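Got a predicted structure here, sequence first:
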Amino acid sequence: MDMRYTTFRGGIVGAELRLPDRPSRLRKRILVTGGAGFLGSHLCERLIGDDHVVVALDSFQTGVPDNLAHLADSGRLKVVQHDIVEPLPDTLPRFDEIYNLACPASPVHYQSDPVKTLSTCSTGVLNVLKRAERDGARLLQASTSEVYGDPEIHPQHETYWGNVNPIGPRACYDEGKRFAEALMTDYARSTGIELRIARIFNTYGPRMRPDDGRVVSNFAVQALRGDDITVYGDGSQTRSFCFVGDLVDGLVGLMEASEIDRPVNLGNPDEIAVSTLASRIVQLANSTSRIVYRPLPTDDPRQRRPDIGLARMLLGWEPRVDRDAGLRVTIDYFARRIGRVQRAPTLLAPLGQA
Ligand SMILES: NC(=O)c1ccc[n+]([C@@H]2O[C@H](COP(=O)([O-])OP(=O)(O)OC[C@H]3O[C@@H](n4cnc5c(N)ncnc54)[C@H](O)[C@@H]3O)[C@@H](O)[C@H]2O)c1
């Protein structure tokens, strides 16, 4: 039977998407590491909406409990503060599925403690693998388009091995995620655990941090404040931005698909120059901000666009949310966020024995 999922339960579009079969009414117990982060909180929301029981495990390095506060009354979420660099707590229940999202994703954050980032991608990933093996859980790794580095081919297909500077300022993340893919693949080969690797391209949406330095959040916050919009380089470098609801559909589709034995790109092929994006955000925010140009950081990729042919073929997945629609929702979110008085973190249900 085909299951149908509505794109983004937060609800800006009602587009429907066909994903692979799974028995209906099967409630699973699912671990989401990095569950209090931007992508993780949307994924938890989706999985709870699908009637599963979710443990969100997070060190709160970049995520915040407040991202999950609206799910506290569902009765199906536990939030656990834990760093995956330490072995996962024995008190956790057995899981059917594990999504490993724990890792800071924005350059500002992953470069603030690069050795920690490498530990999360190595020791942390090994701890998650051990847990998946012990539980017989299917494991999905949130990998990244950064494994392609500054790509020499365009668009980027999964068969491309990448162009990464192993000693540059981005290496802790790029090489960390490459190491994680290698470690997970070898671990899966030798133990037989079921592994999924999602190579995620730039994703944006509500619950990004205003201070995380990523391009959409930077531009939206600067436009809303009437500050200069900072474009690094001449702005001709391109990115392809996927709305978070689409991305979450892709993650769930990949986890549920059977017999996937290779990494799969998830992202939106709708490519745009960074300076064009800046102008569009200024318009959508009704802002008077000027665009100013600053030197391009070391190893910043010139071009970025996913080839999503594999995801289309294996998962029947492709993004549905139009760029302007996604940007409007995101700008609205930042308008409320930067205008609002910070609330104290909401207390969530403590972990019990499940
Ligand atoms: N958002 C994107 O555009 C994008 C693109 C490619 C890949 N990804 C990957 O997706 C995942 C989530 O990204 P995001 O954008 O939500 O970032 P995020 O920083 O909002 O979320 C990461 C979460 O992981 C937690 N975390 C970090 N290190 C941890 C550790 N050692 N132990 C436990 N928790 C830890 C953080 O506190 C945070 O809640 C990351 O693995 C990232 O590499 C994201």
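On my side now, so go ahead. Numbering: from 1, shown residues only.

The ligand contacts on the stretch 1-150 of the chain?
Proximity of the stretch 1-150 of the chain to the ligand, by C-beta under 6 Å from any ligand atom, involves residues 33-34, 36-40, 58-63, 83-85, 101-105, 120, 124, 142, 144. To be clear about C-beta, it is placed using only N, CA and C from the backbone, and glycine gets the same treatment.

Quick check on the residues you listed: which are buried?
Neighbour-count burial (16 or more other C-beta atoms under 10 Å) applied to these gives 33-34, 36-40, 58-59, 61-63, 83-85, 101-105, 120, 124, 142, 144.

Which of the residues in the longest helix along the chain are classified as buried?
For the chain, the longest helix by residue count, based on DSSP state H, is helix 171-191. Neighbour-count burial for helix 171-191 flags 171-178, 180-181, 183-185, 187-188 (criterion: 16+ other C-beta under 10 Å).

do the same with stretch 248-261
By neighbour count on 16+ other C-beta under 10 Å, the buried set for stretch 248-261 is 248-257, 260.

Same check on stretch 200-214?
200-210, 212, 214.

Just give me how far it sits from the chain centre.
Computed by C-alpha atoms, centre = their mean, to the nearest Å, the chain-centroid distance of stretch 200-214 equals 9 Å.

Could you confirm whether any residue of that stretch contacts the ligand?
Yes: judged by C-beta under 6 Å from any ligand atom, stretch 200-214 and the ligand are in contact via 200, 202-203.

Now do that stretch, average pLDDT.
Mean pLDDT, computed over stretch 200-214, is 95.

how near is Arg290 to the ligand?
Here the criterion is C-beta to the nearest ligand atom, to the nearest Å. By it, Arg290 lies 27 Å from the ligand.

quick one: which of the residues of stretch 200-214 next to the ligand is nearest to Thr276?
Here the nearest of those to Thr276, counting by C-beta to C-beta, is Asn202; it sits at 14.5 Å.

That closest one contacts Thr238, correct?
No: between Asn202 and Thr238 there is no contact under C-beta atoms under 8 Å: 10.4 Å.

Confirm Val292 sits in a strand?
Yes: counting by DSSP: H, G, I helix; E, B strand; the rest coil, Val292 is part of a strand.

what about it, distance to the ligand?
Distance from Val292 to the ligand, by C-beta to the nearest ligand atom: 24 Å.

check contacts around the closest residue to that residue other than its chain neighbours.
Once flanking residues are discounted, Val292 sits nearest to Asp228: 4.5 Å by C-beta to C-beta, 6 or more residues apart in numbering. Asp228 makes contact with 222, 289-292, according to C-beta atoms under 8 Å, 6 or more residues apart in numbering.

what does His70 give?
Taking C-beta under 8 Å, 6+ apart as the test, what His70 contacts is Glu45.

so it, which of the three states?
Once three-state DSSP is applied, His70 turns out helix.

Okay, it and Asn218: tell me how far apart.
Separation of His70 from Asn218 (C-beta to C-beta, to the nearest Å): 25 Å.

and what of Thr288?
Applying C-beta to C-beta to Thr288 and Asn218 gives a distance of 17 Å.

And Leu71, by the same measure?
According to C-beta to C-beta, Leu71 stands 28 Å off from Asn218.

Check the contact lists of Asn202 and Thr238 and give me the overlap.
Contacts common to Asn202 and Thr238, judged by C-beta under 8 Å, 6+ apart, are Arg304.

Return the residues in contact with the residue positioned nearest the centre of the chain.
In the chain, the centroid-proximal residue (C-alpha atoms, centre = their mean) is Leu39; its distance is 4.2 Å. For Leu39, the contacting residues are 101, 105, 142, 200, 203, 244, 247-248, 251, by C-beta under 8 Å, 6+ apart.

Kindly recompute the last result at 6 Å.
Leu39 is in contact with Leu101, counting by C-beta atoms under 6 Å, 6 or more residues apart in numbering.

Which helix or strand contains it?
helix 38-49 (DSSP states H and E).

how distant is that helix from the center of its chain?
That offset, for helix 38-49, works out to 11 Å (C-alpha atoms, centre = their mean).

mind listing what the helix or strand just after it pairs with, with the direction of each?
Toward the C-terminal end, the helix or strand that comes next after helix 38-49 (DSSP H and E) is strand 53-58. Next to strand 53-58 in the sheet, as set by DSSP bridges, lie strand 29-33 (parallel), strand 77-81 (parallel).
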